[in-house]
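Asks: When you get a sec, could you give me coordinates for this:
(one chain, ligands or ions: 1)
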Amino acid sequence: MEASPLRHVPSIDRLLATEAAQKWVGLYGRDLVLEALRAAQGALREAILRGEPMADLEAAALAYAEGRLEAYIQPTLRPVINATGVVLHTNLGRAPLSDEVLEAMRAVGEGYSNLEFDLAEGRRGSRYVHAEALLCRLTGAEAALVVNNNAGAVLLTLAALAAGREVIISRGQLVEIGGGFRIPEVMAQSGARLVEVGTTNRTYVRDYEAALSERTAALMRVHTSNFRLSGFVAQPALGELVALAHQRGLWLFDDLGSGTLLDTAPLGLAHEPMVQESVEAGTDIVTFSGDKLLGGPQAGFILGRRDLIERLRRFPLTRALRVDKTTLAGIQANLLHYLKGEALQKIPIWQMLSLSPEAIEERAKALVRALGPAGARCDLWPGCSMVGGGSLPEESLPTTLIALPAGEAEAQARALRLGQPAVVTRIAEGRVVLDLRTVLPREEPALARRVREVIGE
Ligand SMILES: *Cc1c(COP(=O)(O)O)cnc(C)c1O
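Replies: Residues are numbered from 1 along each chain as shown. So this is what the prediction gives:
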C-alpha cells in the first residue's frame, strides 16, 4: 500500500526552525507565526489532495505563511489614492487634511494637553471652549458647540430643545442625505414632532404660519444637499422664516449640511449657502459639517444664540457626542486657515476645487509620459470633476481624464483597487478613467507605478 502523500508536509517544528520563520518571530511575535504556519500546513494539504504538483513543499509553506502574516498586520483602514475626481467622497473619508491640521493633531495627540484644564486658573476647564472663539469670529455667531458630526448636531439640537414639541418643516426639505440619514427619522429619534407643511415643490411662509400652535417649538430649514428640485418651485427666504419665528417667540433652526465659509461661486460653481449668511439672516441655531466644504476633520458645528447653546452644552446627550482632543486641535488649525485668509491655498479640498483645467491637463500629460511606452495606449479626454459630500449636486468642474488602454475595464479597476496603495477610479465609456484633480501631487509617482503594474509596459 502506498503511504499517504500528506506525510511530506513539513512539520511545524521544521518550519519554525527555518531562517525565515525565525526572522518573522522577531517581527510579528511567536503566536502569530505559529498560526500562520498551521494555516500554511492546512493549505498545503488541500493542494496536495487536489493533486497540485509541488516541487518544494517547505518553500511553498513558507511563501503561504508569509502572505498570511502580511495580511494579519495589514490595517483594514489604510490610505487610498482617490482618482475619481469626486472631491468630497464620503466613502473615501471626505476631506484630506492640511499639513498644519495634521501637525496640530499630532502635537496634541503625542502628549498631554489642556483639553479640560484652565491653565490660568490651574483647575478644571471645558473642552468646549477650544474652537468656539474662532467659530464665532469667523461667522459672527454668539456662541458655538462642536460635536462628533452634523448628524449628531441635528439630533442633539432637536432632542435638547424640541423634544415633546412640534417642529415645522417644508415637505420639500424632508430629505434623505445618504447613509440612512433621513430628516423625518432623525426628528422621530429626537422626540420632536414633525409638522410637514407645503408641497414637495412649493412652500410659502403662510404654510408655516397656518401650522403654528402652542405646541410649536421651532421652524426648521434643511438644505436639500444632494438633490435639486427645479422648475415650478418655491421656498421662502431664510429671513422671512426668521421674522415669522421671532414674531411668535420661537427659534429658527437651519441645517446647512455642508455649509461653507468661502463663496463657491468664484470657482465657477453654484453658490453653496454660507454659514455667515445664515448667521446674518438671524437664525437662532445653524448646524453644519466639519469635513464637507469646511475641509477639516469630521465634526458637527452648532452655532447660534448663547442661551440655546448653553442649554445644549448641559444636555446629557452632548456627552455622548463629544469630540476627541486631536479632532479639536485639527478643527482649530483648519479654522485658522480661514482666519488668516489662506484657506484656498492651504486646505486640500479648496486647492483641488480651485485647480485650473490647464493645470490638471499639464499634470495628466506628465503622468501619461511617466507611464513610458504604455502611456501611448492611454487617451486624454475632457471630463468633469464633482464636488460630492452632498454639496452642490449637478455641479461639476471641467477636468482632463486619463483613459487607460481599452481592455477589461472592471478587471483593471479591481486590480487598481487591490494593490498597494489602492487606487479608486471611475469607468466611463467602457474605459477606466483617472481624474488627477483629487490626486495629491505627492501621490503621482505611486499612481504611475500602480497603473504600470496593471496595464503593463
Ligand atoms: C451631510 C448632511 C448631514 C450629516 O452631516 P454629517 O457631518 O455627515 O453627519 C446632515 N444634514 C444635511 C443637510 C447634510 O447635508
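
Asks: and the residue minimising distance to the centre of the chain, what is it in contact with?
Replies: Among the residues of the chain, the one closest to the centroid is Arg94, at 2.5 Å (Cα atoms, centre = their mean). Going by Cβ atoms under 8 Å, 6 or more residues apart in numbering, Arg94 touches Leu88, Asp291, Lys292, Gln298, Gly389. Any C-beta I mention is one placed from the backbone N, CA and C, and that applies to glycine too.

Asks: who's in contact with the second one?
Replies: Residues touching Asp291, when contacts are defined by Cβ under 8 Å, 6+ apart, comprise Leu88, Arg94, Ala95, Asn149, Pro297, Gln298, Ala299, Gly389.

Asks: The last one: how many residues sit nearby?
Replies: Other residues within reach of Gly389 by the criterion other Cβ atoms under 10 Å amount to 23.

Asks: I figured it was touching Leu92, is that so?
Replies: No: Gly389 sits out of contact with Leu92 when judged by Cβ atoms under 8 Å, with a separation of 10.5 Å.

Asks: Not counting sequence-adjacent ones, nearest residue to the residue nearest to the centre of the chain?
Replies: Asp291 (4.2 Å; Cβ to Cβ, 6 or more residues apart in numbering).

Asks: And for Gly372?
Replies: Closest to Gly372 by Cβ to Cβ, 6+ apart is Glu457, at 6.0 Å.

Asks: and if you look at Gly330?
Replies: Closest to Gly330 by Cβ to Cβ, 6+ apart is Pro297, at 4.1 Å.

Asks: Just say helix, strand or coil for that neighbour.
Replies: Secondary structure, DSSP: H, G, I helix; E, B strand; the rest coil: Pro297 is coil.

Asks: any idea how far it lies from the ligand?
Replies: The gap separating Pro297 from the ligand is 11 Å, by Cβ to the nearest ligand atom, to the nearest Å.

Asks: same question, Arg193
Replies: 19 Å.

Asks: repeat for Arg7
Replies: 59 Å.

Asks: Domains in the chain, by residue range?
Replies: By the record's domain assignment, the chain is partitioned as 5-73, 80-89+350-455, 97-343 (automatic domain parsing).

Asks: ok, back up a step: which one among the contacts of Asp291 gets closest to the ligand?
Replies: Nearest to the ligand out of the contacts of Asp291 is Asn149 (Cβ to the nearest ligand atom; 3.3 Å).

Asks: Quick check: the closest one touching Phe301?
Replies: No: the pair Asn149 / Phe301 is not scored as a contact, 9.9 Å apart, by Cβ under 8 Å.

Asks: circling back: okay, the contacts of Arg94 in CSV with pLDDT next?
Replies: Compiled in CSV, the contacts of Arg94 are given as follows (pLDDT from 0 to 100):
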residue, pLDDT
Leu88, 95
Asp291, 97
Lys292, 96
Gln298, 97
Gly389, 79
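
Asks: And the helices in the stretch 1-150 of the chain, which stretches?
Replies: For the stretch 1-150 of the chain, the helices defined by DSSP state H, counting those that start in this stretch cover 12-16, 19-28, 30-49, 57-73, 99-109, 132-139, 150-162.

Asks: Relative to the ligand, which of those is closest?
Replies: That would be helix 150-162 among those, by Cβ to the nearest ligand atom, at 3.0 Å.

Asks: Is the ligand within reach of the helix or strand just after the closest one?
Replies: Following helix 150-162 in sequence order, the next helix or strand is strand 166-170 (DSSP states H and E). No: using Cβ under 6 Å from any ligand atom, strand 166-170 stays clear of the ligand, coming no nearer than 11.8 Å.

Asks: Show residues contacting strand 166-170.
Replies: So strand 166-170 is contacted by 158, 183, 187, 192-198, 203, 207-208, 211-213, 215-222, 235, 253 (Cβ under 8 Å, 6+ apart).

Asks: Based on its surroundings, how many neighbours for the residue of the stretch 201-350 of the chain found nearest the ligand?
Replies: Here the stretch 201-350 of the chain gets closest to the ligand at one residue, Gly257, 2.4 Å apart by Cβ to the nearest ligand atom. Using other Cβ under 10 Å, Gly257 is surrounded by 26 other residues.

Asks: Quick check: phi and psi at it.
Replies: phi 70, psi -110 (degrees, to the nearest 10).

Asks: So which residues on the stretch 1-150 of the chain come close to the ligand?
Replies: For the stretch 1-150 of the chain, the contact set with the ligand under Cβ under 6 Å from any ligand atom comprises Asn149, Asn150.

Asks: so who does Gln276 touch?
Replies: Contacts of Gln276 (Cβ under 8 Å, 6+ apart): Leu138, Thr139, Gly140, Leu261.

Asks: Helix or strand: which one has it?
Replies: Taking DSSP H and E as the criterion, Gln276 maps to helix 275-280.

Asks: Done for today, thanks.
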